[in-house]
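Enquirer: starting from these lines, generate the structure:
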Amino acid sequence: MNVAVVMGGYSDESVISLRSGQLILNNLDKSKYQVFEVHILLNDWYCLIDGTKYPINKADFSFTKDSQTIKFDVISNTIHGTPGEDGHMQAYWELLEIPYTGCGFYQSSLTFNKRDTLSVLSKFNIPKANSIYLSKGDAIDGKEVAKELGLPFFVKPNQSGSSLGVSKVNSLEDFDKALAFAFAEDNDILIESYLKGREVSVGVMKYKGETKVMGITEILSENDFFDYEAKYLGKSEEVTPANLSEKIKNHVEETAIKVYEALGMSGFSRTDFIIMNDIPHFIEINTNPGLSPQSIFPQQAAYSNMPMSDLLDNEISLALQRKLIWKK
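Expert: Got it, this is the predicted structure:
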């Protein structure tokens, strides 16, 4: 079976994606799969073999080597950000009838949009921060924002990952800088009230037909919050499993499963919460979580005694089942 491990992307998250892709390449069972490393970059799509780049034919997502056209039976998608985490590549692969890992194109597009995700989850009574949604060019009065949400508050791009463009605003003197930082990533932003509590990240996936919690990790950031530097440059301590009471642990797990199923998810995911007054408040869901050595999901897999090769086998099996559904 020809498996394309697809990595890269068009955003600043591509460097993280390339690390994640290497973990998948290293853990796929080579006795079962013929594995190919595929890079999707803004100006270059190619399969990398022994240092040589073979261009991807966008008409059918194949490539040619030694006059032989090679097509893929399944795609292991580990692109972070656009176009592999926002539904674009998934819709394209679905049109080509190539099965892929992770959630479907609709769920990818939905969950990449923070505002729309919060809107859907509000129907399921998932606790969350209060928020204001704004677009570039809208009139913005910092005093009115502070009056409605209180200080401090967070400013976030509506569509972005890895905490890119996110700022914590402690005083209105920081507001304009935070807006510029967020609008550099996206034309739409969210401003959210500050939730004071413990931050946890919960790995959830479909495994052998069951929605399974892989583990709960508590985030102890050296910085003011769990920003890019804390996530990827060692400025945080991540404790797996989180030291929670059995009651709170169960509540967090139940809420994480509820979020996963309410959004119609499949594949790997990581959902972030702030536990405030013993209640987990939803922050965001990552439908293509990082798999680099610094990432949380591999830590949780190790805690659950789940070999990554088994998890990847499961993902490929789910992808192939999706193709059977398309055929019906």
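Enquirer: now the helices: where do they sit in this protein?
Expert: 14-27, 88-95, 105-112, 114-122, 142-149, 175-183, 228-232, 246-262, 296-303, 308-327 (DSSP state H).
Enquirer: show me where pLDDT drops low in the chain?
Expert: Along the chain, the model assigns pLDDT under 70 to residues 161-163, 223-235, 327-328.
Enquirer: which residue lies farthest from the center of it?
Expert: S67 (37.3 Å; C-alpha atoms, centre = their mean).
Enquirer: buried sites along stretch 20-29?
Expert: Neighbour counts over stretch 20-29 (16 or more other C-beta atoms under 10 Å) mark S20, G21, Q22, L23, I24, L25, N27, L28 as buried. Where C-beta positions appear, they are placed from N, C-alpha and C, glycine not excepted.
Enquirer: quick one: contacts of that stretch?
Expert: 3, 5-8, 35, 37, 76, 78, 80, 290-293, 295, 298, 307-309, 312-313 (C-beta atoms under 8 Å, 6 or more residues apart in numbering).
Enquirer: filter the residues you listed down to the buried ones, ChimeraX style.
Expert: In ChimeraX, this line selects whichever of the contacts of stretch 20-29 come out buried by 16+ other C-beta under 10 Å:
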select :3,5,6,7,8,35,37,76,78,80,290,291,292,295,298,308,312,313
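Enquirer: mind checking which of the contacts of stretch 20-29 land in strands?
Expert: In this view, the contacts of stretch 20-29 that belong to strands under DSSP state E are V3, V5, V6, M7, G8, V35, E37, S76.
Enquirer: dihedrals phi and psi, F268?
Expert: Per-residue torsions, F268: phi -60, psi 150 (degrees, to the nearest 10).
Enquirer: let me see the contact set for it.
Expert: Neighbour list for F268: G102, G203, M205, T287, N288, P289, F297, L311, E315 [criterion: C-beta under 8 Å, 6+ apart].
Enquirer: wouldn't the last one be in contact with P99 here?
Expert: No: E315 is not in contact with P99 according to C-beta atoms under 8 Å; the separation is 10.4 Å.
Enquirer: turn the buried residues of stretch 20-29 into JSON lines, including distance to F72.
Expert: Shown next, in JSON lines, are these (distance: C-beta to C-beta, whole Å):
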{"residue": "S20", "distance to F72": "18"}
{"residue": "G21", "distance to F72": "15"}
{"residue": "Q22", "distance to F72": "19"}
{"residue": "L23", "distance to F72": "19"}
{"residue": "I24", "distance to F72": "14"}
{"residue": "L25", "distance to F72": "14"}
{"residue": "N27", "distance to F72": "18"}
{"residue": "L28", "distance to F72": "13"}
